[in-house]
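In: take this sequence and fold it.
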Amino acid sequence: MKLEISHVTRYTYAEPVTDSVNEIRLTPRTNSRQSCYSQAIAIEPNASLFTYEDYFGNRVHAFTVNKPHRQLMIRTTTTVVTENSGPSPDNGMTPEEERRWIDDESTHNRYAEYLLPTPYTSATPEVRQFAAGIGSLDDGVYAWLRKLSLTIKGEFVYDPQATHVRTQVDEMLRLGRGVCQDFAHLMLAVCRYRGIPARYVSGYHFVGDLQGGSADFEQASHAWIEAFVPGAGWRGFDPTNDATIDGRYVKLGHGRDYPDIVPVKGVYRGTGEQRLEVLVDVRRVED
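Out: From the prediction side, this is the model:
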């Protein structure tokens, strides 16, 4: 599937601001499931871009706008070619062998950053209670992950007004509702509590052709997780839609949780009064 993605971030300030230092993580990764064919990045006011890879291997573009400005706009136009994932993994391991892999010290050392809790993914008593309802790993890690994703989708209401970017898992559990970021954080917390390495993924989910051909529905960035299935490697799960990751998904990057891969973040000198607008459009194009 060939997808064209337009992502516009616009900050408007009540008064001129200066010394705006920013990072953007809006370049899709190239891996076995997708390839970033092309990307154009435009900054207004004009600024030079410095590019590097962060600790997790995500492509980062950094820039600074020193002169006074009332508006900052970041526009990316990207073309990505995706493929569907392979079939459900047959890793040739028994559940007992998988559990031994999970408990092995070498596993803990190799995947430490994806096993340790963060403020967004702590194994609180509420998280542990929720995890208990998912059951054991007797049917295998992959089956357990599918059940966890299905349970989150079934028990929580998608509500963009219920939470915000700083919402932590306990609050979402109490509310019983949230957005993709919250569902991903909950799945991460449960996976890590059970000893399964898991990481937060940011990206896009193409659903345009599922909207009756309408082009005026609101689109946004999306979040899901990748968990490590012993013997099969990293596998993606979307608890917001209870879906495995196929050609409709475009991965930007991954990290321990949302703060590791905020699409756009920065600091500036000046007024705290600002308005943020984000416009995302994902379209399928002919090869």
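In: now the element after the helix or strand of the chain with the lowest mean pLDDT, going C-ward?
Out: Sorting the helices and strands of the chain by mean pLDDT, DSSP states H and E puts strand 243-244 at the bottom, at a mean of 80. Where DSSP states H and E defines the elements, the next helix or strand beyond strand 243-244 is strand 249-255.
In: please save the CA atoms from that next one in CSV.
Out: Below are the C-alpha coordinates for strand 249-255, written out as CSV (Å, rounded to 0.1, in the frame of the first residue of the first chain):
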residue,chain,number,x,y,z
TYR,A,249,-0.3,1.4,9.8
VAL,A,250,2.7,3.7,9.4
LYS,A,251,5.3,3.7,12.2
LEU,A,252,7.2,6.8,13.0
GLY,A,253,9.2,5.7,16.0
HIS,A,254,9.2,3.8,19.3
GLY,A,255,10.3,4.4,22.9
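In: please renumber so the chain begins at 39
Out: Yep, numbering from 39; the last one is strand 287-293 now.
In: in the next helix or strand after it, what's buried?
Out: Counting by DSSP H and E, the next helix or strand C-terminal to strand 287-293 is strand 302-307. Applying a neighbour-count criterion of 16 or more other Cβ atoms under 10 Å, one finds 302, 304, 306 buried in strand 302-307. Where C-beta positions appear, they are placed from N, C-alpha and C, glycine not excepted.
In: CA atoms only: put stretch 266-284 into CSV for me.
Out: Provided in CSV are the C-alpha atoms of stretch 266-284 (Å, rounded to 0.1, in the frame of the first residue of the first chain):
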residue,chain,number,x,y,z
PHE,A,266,8.5,-9.1,22.1
VAL,A,267,7.2,-12.6,21.5
PRO,A,268,9.9,-15.1,22.5
GLY,A,269,11.3,-16.8,19.4
ALA,A,270,9.3,-14.5,17.0
GLY,A,271,10.5,-11.0,17.7
TRP,A,272,8.7,-7.7,18.0
ARG,A,273,5.0,-7.8,17.1
GLY,A,274,2.6,-4.9,16.9
PHE,A,275,-0.8,-4.6,18.7
ASP,A,276,-3.3,-1.8,18.6
PRO,A,277,-5.5,-2.0,21.7
THR,A,278,-7.6,1.0,20.5
ASN,A,279,-8.9,-1.1,17.6
ASP,A,280,-8.0,-4.6,18.8
ALA,A,281,-6.0,-5.0,15.6
THR,A,282,-2.7,-6.4,14.6
ILE,A,283,-0.5,-4.1,12.6
ASP,A,284,-0.9,-4.4,8.8
